[in-house]
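1. From the sequence below, what's the structure:
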Amino acid sequence: MSDIAARVRSFLTGQYGSLGARACAQDIEAFEASHGLVLPASIRDFYSVINGCSMIGDDMFTLLPLDEIERLTVTAAEWGPNALPPHHEIIDVLPDAREYFVFAEIMISLRLIAVRLKKGDTETPVISTCGSEWTTIANSFDEFWVGYMKDERIVGGCFST
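-> Numbers count the residues shown, from 1 in each chain. Okay, the predicted model is just below:
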């Protein structure tokens, strides 16, 4: 078990109660097979300890379970041109948008939190998107969680849209 995963589980359990089931090896392998990549060890460890939690805190933060994580391009495309915020616009403006996977949502999808997972790459920057705008909020998945435990506002509100 990774130190970060254990710390996050303790933090979330202490703040919000039960977190539910953990992802088993078969869940992780199914995700990897369906997306054609191998998860970095820190993310594999994380989901083997915490496999989602729903609407916690004032910002209604939702950590998606592994079987609900999709590429940002898939999640954003589900938002049509009349949706608010217009998440579909991120597909055309974010470089390498297909390499990002939405693992969390804020305020019932007002903001999408995504991690970059590139085949053969161990770097895992985390971005926050709202409509066509995005910002890098952590240089890695682990760094995101360390920041979240220090100040949940790391996920922020919407940008200028």
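2. Averaging pLDDT per element, find the lowest-scoring helix or strand in this protein.
-> Every helix and strand of the chain was ranked by mean pLDDT, DSSP states H and E. The lowest is strand 53-56, at a mean of 72.
3. show me where this protein has strands.
-> 53-56, 61-63, 70-71, 100-106, 111-116, 126-130, 133-138 (DSSP state E).
4. looking just at contacts, which helices and strands does the last one meet?
-> Taking 3 or more C-beta pairs under 8 Å, 6 or more residues apart in numbering; DSSP states H and E as the contact definition, the neighbouring helices and strands of strand 133-138 are strand 126-130, helix 141-150. For every residue, glycine as well, the C-beta is placed using N, CA and C.
5. most packed of these?
-> Of all the helices and strands packed on strand 133-138, strand 126-130 has the most neighbours on average by mean count of other C-beta atoms under 10 Å, namely a mean of 24.
6. Can you list the strands that it pairs with?
-> strand 111-116 (antiparallel), strand 133-138 (antiparallel) (DSSP bridges).
7. Low-confidence bits of the protein, can you list those?
-> 1-2, 55-59, 80, 108-109, 154-161 (pLDDT under 70).
8. Name the residue closest to the centre of it, please.
-> The centre of the chain sits closest to residue 103, judged by C-alpha atoms, centre = their mean, with a distance of 2.4 Å.
9. Now render the strands of the chain as TSV, adding distance to residue 84.
-> Below are the strands of the chain laid out as TSV (distance: least, C-beta to C-beta, whole Å):
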stretch	distance to residue 84
strand 53-56	19
strand 61-63	18
strand 70-71	20
strand 100-106	15
strand 111-116	12
strand 126-130	10
strand 133-138	14
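10. For residue 79, which residues are in contact?
-> 85, 86, 87, 88 (C-beta atoms under 8 Å, 6 or more residues apart in numbering).
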